[in-house]
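Engineer: sequence first, then the predicted structure, then my questions.
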Amino acid sequence: MNNSVGNTARLLWAGLRALLVLTIVCGVLYPLAVTGIAQALFNDKANGSEIKDKSGQVVGSSLIGQTYNLPKANPDDPEEAAKPDLKWFQPRPSNGLGSNSVNTQYALILSGATNKAADNPDLVKLVEDAKAAVIADNTTASYKVQPQDVPADAVTSSGSGLDPAISPEYAKIQIHRVAEQNKLDVKQVEKLVAEHTEGRTLGFMGEPRVNVLELNTALKALTKN
């Protein structure tokens with residue numbers, strides 16, 4: 001009887017010691033080590049890939065897209081469509097799952113795609129309307145956008161609906177409109193786009209892209225100058 005109690009006590013003590021050791025190693029030391037390495041070697045990415053303006057204020061993350069719309073005439077009207085603020089480069093459409101309608105106490109934006117087939121009539125109309133709007137918005141007195149010049153990313157959302165980047169082709173057809181709206185020389189805006197165009201990752205992965213938030217942050221600094 002005494003041996004049985006003693007064996008049980010030893011097993012419980014061994015289990016408790018293992019629990020304490022593993023808690024310290026896995027719950028304290030390992031997270032601290034990973035956090036320390038991340039902060040030391042990947043400080044920017046570990047802190048959310050934040051983008052700051054010239055004053056040092058955080059304006060967003062380079063990983064999440066933002067919209068650049070004019071204020072609604074009636075902010076409380078969910079049926080009123082947002083209109084793009086044409087002073088800024090516009091991102092891809094964000095036609096994902098839309099806004100949160102379950103818990104109305106929180107203004108959440110839900111990530112996701114439409115999941116509509118390519119021949120879905122609603123999607124076809126959405127793309128056609130978006131293409132017509134892109135042509136109308138970006139055509140100026142000195143520059144006319146041709147239908148064949150509108151790239152796919154200008155009229156379709158990404159899988160997440162939160163894509164932060166657009167193609168150089170989409171940025172290119174916005175240059176004249178942005179220059180006109182901000183009273184800038186077209187060459188200045190072309191240079192800005194070129195400076196913020198990234199190539200393929202490691203030279204072969206993905207596609208060339210332009211981060212819209214970074215570009216618009218630089219545009220804001222340029223207009224202030």
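Structural biologist: Received, thanks.
Engineer: quick one: stretch 206-218 to chain centroid distance?
Structural biologist: Relative to its chain's centre, stretch 206-218 lies at 10 Å (Cα atoms, centre = their mean, to the nearest Å).
Engineer: kindly apply the preceding question to stretch 149-160 instead.
Structural biologist: Stretch 149-160 has its C-alpha centroid displaced from the chain centroid by 14 Å (Cα atoms, centre = their mean).
Engineer: quick check: Pro147 touching Glu128?
Structural biologist: No - when contacts are counted by Cβ atoms under 8 Å, Pro147 is not listed as touching Glu128 (10.5 Å). Every C-beta, even on glycine, is put in place using the N, C-alpha and C of the backbone.
Engineer: quick one: the helices in the chain, in order.
Structural biologist: With DSSP state H applied, the chain shows helices at 2-24, 30-41, 43-46, 121-138, 168-181, 186-195, 212-224, listed in chain order.
Engineer: make CSV out of those and add mean neighbour count.
Structural biologist: Shown next, in CSV, are the helices of the chain (neighbours: other Cβ atoms under 10 Å):
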stretch, mean neighbour count
helix 2-24, 10
helix 30-41, 11
helix 43-46, 11
helix 121-138, 15
helix 168-181, 21
helix 186-195, 16
helix 212-224, 18
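Engineer: quick one: closest of these to Leu202.
Structural biologist: Proximity to Leu202, assessed across the helices of the chain by Cβ to Cβ, is greatest for helix 43-46 (16.4 Å).
Engineer: any idea how far Pro208 is from Tyr68?
Structural biologist: For Tyr68, the distance to Pro208 (Cβ to Cβ, to the nearest Å) stands at 22 Å.
Engineer: the more surrounded of the two?
Structural biologist: A count of neighbours by other Cβ atoms under 10 Å puts Tyr68 above the other of Tyr68 and Pro208, at 16 against 12.
Engineer: can you pull the pLDDT of the closest residue to the more buried one other than its chain neighbours?
Structural biologist: With sequence-adjacent residues excluded and distances taken as Cβ to Cβ, 6 or more residues apart in numbering, Tyr68 is closest to Trp88, at 4.0 Å. With respect to pLDDT, Trp88 scores 95.
Engineer: next one: Pro78
Structural biologist: Note on Pro78: pLDDT of 70.
Engineer: again with Ile109
Structural biologist: 57.
Engineer: same check, this time on Tyr30
Structural biologist: Reported pLDDT at Tyr30 in the predicted model: 96.
Engineer: residue contacts, the residue positioned nearest the centre of the chain?
Structural biologist: With distances taken as Cα atoms, centre = their mean, the residue of the chain nearest its centroid is Ile64 (2.0 Å). If you count contacts by Cβ atoms under 8 Å, 6 or more residues apart in numbering, Ile64 has them with Leu162, Pro164.
Engineer: gap between it and Ser160?
Structural biologist: 9 Å.
Engineer: quick one: Ala130 from Gly6, how far?
Structural biologist: For Ala130, the distance to Gly6 - Cβ to Cβ - is 77 Å.
Engineer: sorry, that was for Gly159
Structural biologist: 61 Å.
Engineer: what residues sit buried inside stretch 160-169?
Structural biologist: Neighbour counts over stretch 160-169 (16 or more other Cβ atoms under 10 Å) mark Gly161, Leu162, Asp163, Pro164, Ala165, Ile166, Ser167, Pro168 as buried.
Engineer: which residues sit against that stretch?
Structural biologist: For stretch 160-169, using Cβ under 8 Å, 6+ apart, the contacting residues are 61-66, 89, 91-92, 94-97, 111-113, 149, 151, 153-154, 157, 193, 197-198, 207-213.
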